[in-house]
Structure formats: C-alpha cells, structure tokens
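*Asks:* Let's see this in three dimensions:
(one chain, ligands or ions: 1)
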Amino acid sequence: MEKVGVLAVQGAFIEHEQCLEALGAQVVELREAADLRSGFNRLVLPGGESTVQSKLLIELGMAERLREMITAGMPVLGTCAGLILLAKQIMGKRSVDRTALGTLDVIVERNAYGRQLGSFNTRADFAGMDDLPMTFIRAPRISEVGPGVEILGRVDDKIVGARAGNQIGVTFHPELTGDPRLHELFLSI
Ligand code: GLN
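*Replies:* The predicted structure is shown next:
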C-alpha cells in the first residue's frame with residue numbers, strides 16, 4: 001500500500017490528505033523529525049508560506065533527511081510553497097541562499113502574479129491531462145528549468161509545473177479543485 005508522508009508543519013496539508021485517502025493511500029503527517037522514521041514511501045509538500053515552512057524544516061531538523069530521501073528517489077509532489085522548497089533557486093536571491101531542500105533544478109519567482117491576480121482559478125492541459133482545473137493562490141512561477149527537467153504545462157506563457165524523475169512541482173493547488181488526476185499521477189510514479 002502507498003504510504004504518503006505529508007509535511008504538516010504549516011499550510012494546506014489537510015486537503016492533500018483527504019485527496020490521497022480518497023484514492024486509497026495511507027497518510028502519515030510529518031510534524032517533527034521523529035515522524036521521518038514512520039516508513040512512508042512518498043512525500044507531499046503542501047502550499048502555504050514557503051519562508052515559514054523553510055525555517056521550520058531547518059529548525060525542526062527535518063530538512064537534511066528529507067533532502068536525502070528525495071535524492072535517493074522517493075517520489076515527491078510539491079505544490080505552490082512546496083514547489084518553492086524543492087526549487088534549487090529563488091529568483092532574485094543569491095544562489096548561496098538555498099531553499100530548504102533545493103533538489104529540483106528550477107528557478108522560481110515567488111508571488112509572480114500581481115495583487116489583483118493573486119488568486120484565481122483556471123483550467124489548462126497539463127502533463128497529458130486534458131483541461132485540468134487549477135487554483136492559484138499567491139502563486140510562484142517557474143522562470144527557468146535546468147537540463148533534464150520536463151515542463152508539464154503553461155498558463156498564459158508561465159510555466160506552472162515541472163518534473164524531474166521522481167520530483168513533481170506545481171505552482172497551483174491541485175488539492176483544492178476536486179479533480180483527483182494529479183494525485184493519481186503522483187501515486188503512479
Ligand atoms: N506565496 C507563497 C510563498 O511564497 C506561496 C503561496 C501558496 O503556497 N499558496 O510561500
């Protein structure tokens with residue numbers, strides 16, 4: 001059975017858990033370093049506030065072990081702030097200011113939509129799925145992808161998702177739309 005560790009230190013983790021459980025996966029909440037030994041085989045990094053999440057991951061002593069698990073091939077889905085944690089670099093920051101995990105070779109720009117468009121819903125073809133509903137909340141954009149990183153989709157010319165092997169990062173919130181396809185894709189990798 002799939003056992004998914006969902007980072008639960010801050011942000012929209014409950015909705016991810018509900019989606020995953022509806023698809024038959026078992027879920028374990030990751031709140032502290034000891035939870036990293038609970039034997040999960042997939043990882044979800046939810047949306048929320050990436051600066052807070054980043055700080056907590058480091059303070060709670062979780063960042064290094066999570067980075068090792070991802071590098072060793074554990075499938076991971078990062079959504080919105082979760083994508084920012086995965087990104088190698090945040091635009092405008094010096095490369096020495098690493099994100100908490102930094103395993104996905106993309107550059108992200110935080111809060112890439114103007115104030116008025118801070119939150120919106122749309123639909124677009126994404127990763128081979130037709131007309132996927134997408135909810136954006138103060139979303140980042142992926143401004144560059146490294147070699148070997150696949151672009152999964154665009155909305156208004158902005159890259160909204162990327163994949164490198166076991167890592168999928170999206171700028172939107174698939175857990176808030178009621179459409180299970182992205183979680184299904186994640187559970188199938
Ligand atoms: N704007 C948030 C950040 O930069 C991300 C927003 C989200 O996860 N919905 O951390």
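*Asks:* contacts and neighbour counts: CA atoms only from here.
*Replies:* Noted.
*Asks:* so residue 58 makes contact with residue 100?
*Replies:* Yes: the pair residue 58 and residue 100 qualifies as a contact (CA atoms under 8 Å) at a distance of 6.9 Å.
*Asks:* Tell me which of these two has more neighbours.
*Replies:* A direct count of neighbours by other CA atoms under 10 Å for residue 58 and residue 100 places residue 100 higher, at 24 against 13.
*Asks:* so what's the spatially most central residue of the chain up against?
*Replies:* Centroid-nearest residue in the chain: residue 78, 1.0 Å away (criterion: CA atoms, centre = their mean). Residue 78 makes contacts with 44, 45, 46, 47, 84, 85, 86, 167, 168, 169, 170, as judged by CA atoms under 8 Å, 6 or more residues apart in numbering.
*Asks:* Residue 102 - nearest residue in space that isn't next to it in sequence?
*Replies:* residue 88 (4.0 Å; CA to CA, 6 or more residues apart in numbering).
*Asks:* Spit out the contact partners of the one you found.
*Replies:* Here residue 88 is in contact with 98, 99, 101, 102, 103, 104, 105, 106, 107 (criterion: CA under 8 Å, 6+ apart).
*Asks:* Just want the phi and psi numbers for it.
*Replies:* phi -70, psi -30 (degrees, to the nearest 10).
*Asks:* Tell me which residues of the one helix or strand the residue nearest to the centre of the chain maps to come out buried.
*Replies:* Assigning secondary structure by DSSP states H and E places residue 78 in strand 76-79. Residues 76, 77, 78, 79 are the ones in strand 76-79 that count as buried (16 or more other CA atoms under 10 Å).
*Asks:* Adjacent strands (with direction) for that strand?
*Replies:* Here strand 76-79 is paired, per DSSP bridges, with strand 42-45 (parallel), strand 167-170 (parallel).
*Asks:* per-residue confidence at the residue nearest to the centre of the chain?
*Replies:* Predicted confidence (pLDDT) for residue 78: 98.
*Asks:* That one bridge partners, please.
*Replies:* Going by DSSP bridges, residue 78 forms beta bridges with residue 45, residue 169.
*Asks:* about what we covered before: are any of the contacts of residue 88 buried, and which?
*Replies:* Buried among the contacts of residue 88 by 16+ other CA under 10 Å: 98, 99, 101, 102, 103, 104, 105, 106, 107.
*Asks:* which among these gets closest to the ligand?
*Replies:* residue 99 (11.2 Å; CA to the nearest ligand atom).
*Asks:* isn't the closest one right up against residue 82?
*Replies:* No: Residue 99 is beyond contact range of residue 82, at 10.6 Å (criterion: CA under 8 Å).
*Asks:* Get me the contact residues on this structure for the ligand.
*Replies:* 47, 48, 49, 50, 51, 80, 81, 110, 111, 137, 138, 139 (CA under 6 Å from any ligand atom).
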